[in-house]
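*Asks:* Okay, here's the prediction I keep looking at, along with the sequence it came from:
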Amino acid sequence: MKNFKTEGVVIRRRNYKDQDRVLTIFTKTHGKIFVRGTGVRKITSRRAGHIELLNHGVFTLYQGNSYPILTEAITINNFAEIKNNMDKIPPSYHLCEIVDGLCPENQENMEVFELLVDTLDRLSDNQNNIEKIVADFEVSLLSLLGYWNKQQFAQAFDSEQFIENILERRLKSLRIFTKIN
């Protein structure tokens, strides 16, 4: 199967060569995948707006030699409420960094995908309780991935420290945004 469609959320992107980007997309059916968007940095690119960070969309891909190549993208939800609110951007980037760090490549995990989309929906709708939404996401993600058992460990714990120990590195999103505030 050379061409395939998948639903996903863009959780990371980086520039590649002059006009391309390499995207990290957490998909419903393929898990975390790396995708090459050829020519998306051109001013005339029709796909550029659909592959912004946090966008939830349907992506049509062609299986290339190394990375799948993005051929078409349609946005389902761009989470504009999050992107327009400076208080919601840091927690959203934090969610993306955690999913990127903890989830392995090319392993389907529909429950984690649904958790990510639902949490982004909750963040976009809520003005209050942002810290609680993020904390609930962290514990639920750790439980789904088998790092944490809610029944076995009922006491409160520092989930950010726990995640940093698993990743064996500090979370960048937290340090960057605490400097801004």
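*Replies:* Alright, I've got the coordinates.

*Asks:* hey, let's count contacts and neighbours off CA atoms from now on
*Replies:* Will do.

*Asks:* Would you mind measuring from Arg169 to Phe34?
*Replies:* In this structure, Arg169 and Phe34 are 21 Å apart, going by Cα to Cα, to the nearest Å.

*Asks:* Burial check on Gly101, number of neighbours?
*Replies:* With neighbours defined by other Cα atoms under 10 Å, the count for Gly101 comes to 16.

*Asks:* So it lies in a helix, does it not?
*Replies:* Yes - counting by DSSP: H, G, I helix; E, B strand; the rest coil, Gly101 is found in a helix.

*Asks:* Please give me every residue in contact with it.
*Replies:* Residues near Gly101 by Cα atoms under 8 Å, 6 or more residues apart in numbering: Leu167.

*Asks:* repeat that with 10 Å
*Replies:* For Gly101, the contacting residues are Leu95, Ile163, Glu164, Ile166, Leu167, Arg169, Leu171, by Cα atoms under 10 Å, 6 or more residues apart in numbering.

*Asks:* Run through the helices of the protein in chain order.
*Replies:* Assigned by DSSP state H, the chain shows helices spanning 80-83, 89-102, 110-125, 130-144, 159-167, 172-180.

*Asks:* Would you tell me which of those helices gets closest to Phe4?
*Replies:* Relative to Phe4, the nearest member of the helices of the chain by Cα to Cα is helix 110-125, separated by 17.3 Å.

*Asks:* measure Asn106 to Asn3 for me?
*Replies:* Relative to Asn3, Asn106 is positioned 16 Å away (Cα to Cα).

*Asks:* ok so, going back, pick the most deeply packed of the helices of the chain.
*Replies:* Among the helices of the chain, helix 89-102 has the highest mean neighbour count (mean count of other Cα atoms under 10 Å), at a mean of 19.

*Asks:* Tell me the buried residues in stretch 61-71?
*Replies:* Residues Leu61, Tyr62, Tyr67, Pro68, Ile69, Leu70, Thr71 are the ones in stretch 61-71 that count as buried (16 or more other Cα atoms under 10 Å).

*Asks:* Would you mind putting the CA coordinates of it into PDB?
*Replies:* Extracted in PDB, the C-alpha atoms of stretch 61-71 (Å, rounded to 0.1, in the frame of the first residue of the first chain):
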ATOM      1  CA  LEU A  61       0.600  10.200   2.700                       C
ATOM      2  CA  TYR A  62       2.700   8.400   0.100                       C
ATOM      3  CA  GLN A  63       5.100   5.800   1.500                       C
ATOM      4  CA  GLY A  64       8.500   7.000   0.300                       C
ATOM      5  CA  ASN A  65      11.900   5.400   0.700                       C
ATOM      6  CA  SER A  66      12.500   6.800   4.200                       C
ATOM      7  CA  TYR A  67       9.700   9.000   5.500                       C
ATOM      8  CA  PRO A  68       6.100   9.000   4.300                       C
ATOM      9  CA  ILE A  69       5.500  12.000   2.100                       C
ATOM     10  CA  LEU A  70       2.600  14.400   2.700                       C
ATOM     11  CA  THR A  71       0.500  14.700  -0.400                       C
END
